[in-house]
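Engineer: Quick check, what structure comes out for this input:
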Amino acid sequence: MPNEERPIIILDHYDVDPGAPLAGQTFRLTLKLRNKGEHFAENVRVSLTSTTFLPVNQGSLRFSNSIDDGDSDSIDTDLRVAAD
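Structural biologist: The predicted model follows:
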């Protein structure tokens, strides 16, 4: 697709709950993704990789089925702060 007709996914905002997790603590990370492009986005995949923040009960790969042009979607994942 030409550049002007493709989806462009950006990280619009993120939130951490609780706000300042300590070593060994589990927290929820919410990512708000926005499609700033001019085309529908489908099968959006987000991969999180860190040696400090470890996935809990799921892998580090998260998905959004679709994001219309101009719209946004939120993805949640539970992580744990490494003990060291």
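Engineer: what residue ranges in the protein score low on pLDDT?
Structural biologist: Along the chain, the parts satisfying pLDDT under 70 run over 1-4.
Engineer: One more pass at 80, please.
Structural biologist: Within the chain, the stretches with pLDDT under 80 are 1-5, 58.
Engineer: Need the three-state assignment for the most centrally placed residue in it.
Structural biologist: Using CA atoms, centre = their mean, the residue of the chain that lies closest to the mean C-alpha position is Leu31, 4.1 Å off. For Leu31, the reduced secondary structure class is strand; criterion used: DSSP: H, G, I helix; E, B strand; the rest coil.
Engineer: Name the nearest residue to it, ignoring sequence neighbours.
Structural biologist: Counting by CB to CB, 6 or more residues apart in numbering, the nearest residue to Leu31 once its immediate chain neighbours are dropped is Ile75, at 4.8 Å. Placement of C-beta: from N, CA and C, glycine included.
Engineer: Okay, that neighbour and Gln58: tell me how far apart.
Structural biologist: 12 Å (CB to CB, to the nearest Å).
Engineer: likewise Thr26?
Structural biologist: Taking CB to CB as the criterion, Thr26 is separated from Gln58 by 12 Å.
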